[in-house]
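Participant: generate coordinates for the sequence data below:
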Amino acid sequence: MARFKTYDYSQGLMVPVNLDEQIEPGTFEYALHHLIEARYDDTFLAEEFANDETGRPAYPPKLLLKAILFAYSQGILSSRKIERACKHNIRFMALLCGEGPDHSTIAEFIRKLGRHVERVFVDVLTVCHEEGLLEGTHFAVDGLKLPTNAAKEWSGTFKTLKRKRDKFRQKAAALMKEHKRRDRRLAKGKTEVAGDALTPAEKLLSKAAKIDAYLADHEPRMGVSGKEVQSNLTDPESSKMHTSKGTTQGYNCQALADASHQIITTANVPEGGQDGRVLGELFEQANQQAHQAGLGADFYQGKELLADANYHSEPNLETVAAQQLDAVIPDPNHRDRDERYEGRDKHLRKVRPKDTGRFTREHFHHDEESDTYHCPKGQTLRRKPGSGSSAGGKGKFHKYEIDSDFCEICEFRSRCLSKNGKRRTLSICVEPARPHCQAMRDKVDTPEARERYSYRMGTIEPVFANLRHAKGLNRINYRGREKVAVIWKLWSIM
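Facilitator: Here you go, the predicted model:
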């Protein structure tokens, strides 16, 4: 007959646990524990806990900072889940030395840390520099578009929001009318049940009032082009952004990473959802942080910067020139000009073949001394008074025109003028509208720049892959640019 060991769930056990032994060398929690305990000065956080005379002792900021950073590294985002981990996960218990803060304490610490998160980021950057983790010669920048706690259904221009408000009121009026009709039927002895038609009507009127309140307290949100962009009622600072997986309402979180060990040296949440104007604000912050971290105010000057085609804009490239960066930022059509690109032919823009029989600018001779042009028949084209202004944002042009009626009898008329043209004119571009963009297009077409640009993906994309897929950063459950920036910088520290 088989014999089995007996067991009793009511019996007690004495399990000796040494918390220090649970933090194993070579793990992330070991590095985090050593960094914060041995090399981090958190005395500046003491001012947030003014409980010298009243209240019980507070949790040490070092312990709470460990809990938050380690939780984020494990993909644990909410305060309640962090609380649960601190009380049941042995690694959290070891880092917090057995303390178990509740979710309200953790959330309040994150709120108080927001005013000091810049200093925390700079202190970690200083340690990375001291440990030789920053090469400081090659950098790459990119953005991660993250949804936040904002409903994209509440987005729209002021005109769209007003139209949506009117629809809510029309539907509410229809429901109220139906409700009164049913009441009359009941008054006549009908057996029809009136139902709960009034409650949906109240909800619709509440939504209309919400839009009215927003329109009264806010102004239309203008984009970089001067046109109105969509506003959002639940989070006015967020933006509706187009991604490869659809449209999302949130923020375009920016990161500048060093190429040697893929350390994020600057993390920023700019205003607006596009990359076309973010480098100015990004490098202003980067220079300040580099100076505070002891790297020098000119840490980034003359260094290489790699970015994708979304950053190819005149404002960004003006920042590149001001920072004296050796940047490679291709335009969206750079692969059309790259003969190495597989399938290039089907992506090339359809260009109308040139009519070689017609006269072009090259057929006109320019006299620099008199600033005039001479056509193939020797007639003079003089500069028109008042020309030289910008033409529709395309640059500055000088316009030249023949001041006689010779074109009407010229034998080359069909090759020089259109069917209804009377006099030949020339528009000469003297100042391109986007000189930095043109210079960058010329640069990215060189073999050296193409070779350097190939390193961009291996520098910055693994950083975002680690944050999004390994650590689970798929959204930020906060509203407001300031709060989102705090969470983004805490994630960028790891």
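
Participant: only C-alpha atoms from now on, for both contacts and neighbour counts.
Facilitator: Noted.

Participant: got a list of what Ala297 touches?
Facilitator: Contacts for Ala297 (C-alpha atoms under 8 Å, 6 or more residues apart in numbering) come out as 287-288, 290-291.

Participant: in a helix, it, correct?
Facilitator: No. The assignment for Ala297 (DSSP: H, G, I helix; E, B strand; the rest coil) gives coil, which keeps it out of a helix.

Participant: follow-up on the earlier one: and the buried ones among the contacts of Ala297, selectable in PyMOL?
Facilitator: Buried residues among the contacts of Ala297 (16 or more other C-alpha atoms under 10 Å), as a PyMOL selection:
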select buried, resi 287+288+290
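
Participant: ok, of the contacts of Ala297, which one's closest to Pro315?
Facilitator: When the contacts of Ala297 are compared for distance to Pro315 (C-alpha to C-alpha), Asn287 comes out closest, at 17.9 Å.

Participant: tell me where the protein has strands.
Facilitator: 138-147, 155-156, 231-232, 239-243, 246-258, 264-268, 304-306, 326-328, 365-367, 372-374, 380-383, 395-402, 425-432 (DSSP state E).

Participant: for the fifth one, packing partners?
Facilitator: Of the remaining helices and strands, those touching strand 246-258 by 3 or more C-alpha pairs under 8 Å, 6 or more residues apart in numbering; DSSP states H and E are strand 138-147, strand 239-243, strand 264-268, helix 456-465, helix 481-493.

Participant: as JSON lines, the ones you listed with distance to His179 would be great.
Facilitator: Formatted as JSON lines, the entries for the helices and strands packed on strand 246-258 read as follows, by distance: least, C-alpha to C-alpha, whole Å:
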{"stretch": "strand 138-147", "distance to His179": "40"}
{"stretch": "strand 239-243", "distance to His179": "38"}
{"stretch": "strand 264-268", "distance to His179": "53"}
{"stretch": "helix 456-465", "distance to His179": "54"}
{"stretch": "helix 481-493", "distance to His179": "44"}
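
Participant: would you mind measuring from Gly273 to Leu306?
Facilitator: Summarising the geometry, the distance separating Gly273 from Leu306, computed by C-alpha to C-alpha, to the nearest Å, is 20 Å.

Participant: that older thread, for the contacts of Ala297, which one is nearest Thr319?
Facilitator: Of all those, Thr319 sits closest to Asn287, with 12.5 Å by C-alpha to C-alpha.

Participant: excluding its backbone neighbours, what's nearest Ile476?
Facilitator: In space, not counting the residues next to it along the chain, Ile476 is nearest to Thr148; the distance is 4.9 Å by C-alpha to C-alpha, 6 or more residues apart in numbering.

Participant: ok, now which ones touch the one you found?
Facilitator: Thr148 sits in contact with 249-251, 475-479, where contact means C-alpha under 8 Å, 6+ apart.

Participant: if we can go back for a sec, between Gly273 and Leu306, which one's more packed in?
Facilitator: More neighbours surround Leu306 than the other of Gly273 and Leu306, with 28 against 23 (other C-alpha atoms under 10 Å).

Participant: ok, how many other residues are close to Ala151?
Facilitator: Each residue near Ala151 was counted by other C-alpha under 10 Å, and the total is 16.

Participant: equivalent analysis for Leu32, please.
Facilitator: The number of residues packed around Leu32, counting by other C-alpha under 10 Å, is 19.

Participant: where does this protein have low pLDDT?
Facilitator: Residues of the chain meeting the criterion pLDDT under 70: 50, 188-198, 224-225, 341-356, 386-395, 431-433.

Participant: could you measure from Gln22 over to Ala327?
Facilitator: 46 Å.

Participant: coming back round to it: so how far is Glu118 from the residue nearest to Ile476?
Facilitator: Counting by C-alpha to C-alpha - Thr148 and Glu118 are separated by 21 Å.
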